[in-house]
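Participant: predicted model, plus sequence, below.
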Amino acid sequence: MSTLEIKDLHVSVKTEDGPKEILKGVTLTIKDGEIHAIMGPNGSGKSTLAYSIAGHPKYDVTGGTVTLDGEDVLAMSVDERARAGLFLAMQYPVEVPGVSVSNFLRTAKTAIDGEAPKLRTWVKDVNGTLEKLDLDASFSTRSVNEGFSGGEKKRHEIAQLELLDPKVAVLDETDSGLDIDALKVVSEGVNRFTEGADKGLLLITHYTRILRYIKPDFVHVFVNGRIADQGGPELADQLESEGYDKYVKAAV
């Protein structure tokens with residue numbers, strides 16, 4: 001069993017005028033088998049939460065704790081967090097010219113497992129995963145994210161998710177920029193990952209459309225660096241009809 005536990009997390013970022021607090025006391029627990037959706041307006045701190053969990057150096061944790069199965073995540077380096085079982089799918093995946101998708105994936109798998117996967121089996125696994133995501137086998141020879149469409153970038157992120165098989169995945173606006181066909185393919189990949197009872201998922205999104213395909217157990221409304229409300233899937237439907245306005249006004 002795996003549990004990601006965030007307690008009273010405070011995070012700041014450096015600005016020309018000094019530190020600016022972004023997260024103002026976030027508490028959230030994700031147990032295995034649970035799907036949590038975080039929804040909120042732009043600038044509310046959703047992505048800051050994702051990157052702080054992953055260990056981005058831009059963000060300074062000034063208070064609170066993050067643990068995975070009781071282990072202090074904040075004391076780990078970025079690669080240690082990945083080996084411990086954390087995964088982040090970024091809103092804007094970066095290009096890595098000169099590094100093929102195949103080499104990137106195998107290097108990542110080797111780093112996480114501590115040994116290289118057997119080549120013949122690995123090629124079969126990669127091609128099978130790409131096929132399920134409507135990506136041709138030749139996709140593995142391309143440089144990571146270089147010249148990729150928005151849909152290809154996001155499907156590549158889900159290929160990483162399936163092949164690296166983490167304990168807890170954080171998906172930062174994976175639905176942004178996707179047409180309806182790509183959204184369905186990506187959602188199917190996420191659902192394959194969560195089919196087992198031992199996976200936790202934190203899904204960050206602006207819109208409810210991805211929640212038609214990935215059914216959350218819990219929905220959290222994020223406003224001004226805090227969780228302003230939480231509930232079940234019905235809360236997402238309420239946000240679809242009413243928006244975030246009442247939460248934004250209450251946070252002022």
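Facilitator: All right, it came through fine.

Participant: output the below-cut-off pLDDT ranges for the stretch 151-252 of the chain.
Facilitator: 197 (pLDDT under 70).

Participant: got the residue ranges for the strands in it?
Facilitator: Taking DSSP state E, counting those that start in this stretch as the criterion, the stretch 151-252 of the chain contains strands spanning 168-172, 200-205, 218-223, 226-231.

Participant: neighbours of Gly225, just the number please.
Facilitator: Residue neighbour count, defined by other CB atoms under 10 Å, stands at 23 for Gly225. (Each C-beta comes from the backbone N, C-alpha and C, glycine too.)

Participant: re the thing from before, among the strands of the stretch 151-252 of the chain, which is nearest Lys20?
Facilitator: Taking CB to CB, strand 226-231 is the member of the strands of the stretch 151-252 of the chain nearest to Lys20, at 15.1 Å.

Participant: list the buried residues for the closest one?
Facilitator: For strand 226-231, burial by neighbour count (16 or more other CB atoms under 10 Å) applies to 226-229.

Participant: doesn't Ile30 lie inside a strand?
Facilitator: Yes. With DSSP: H, G, I helix; E, B strand; the rest coil as the criterion, Ile30 is assigned to a strand.

Participant: re earlier: for Ser52, find the nearest of the strands of the stretch 151-252 of the chain.
Facilitator: Ranking the strands of the stretch 151-252 of the chain by proximity to Ser52 (CB to CB) places strand 168-172 first, at 10.1 Å.

Participant: what does the closest one rub up against?
Facilitator: The set of residues that contact strand 168-172 without belonging to it, under CB atoms under 8 Å, 6 or more residues apart in numbering, is 2, 4, 30, 46-47, 50-51, 53-54, 68, 85-91, 157, 161, 190, 193, 199-204.

Participant: what of stretch 49-69?
Facilitator: For stretch 49-69, the external contacting residues (CB under 8 Å, 6+ apart) are 1-14, 19, 21-23, 25-26, 38, 48, 72-74, 76-78, 81, 84-86, 88, 167-168, 170, 172, 202, 204, 222.
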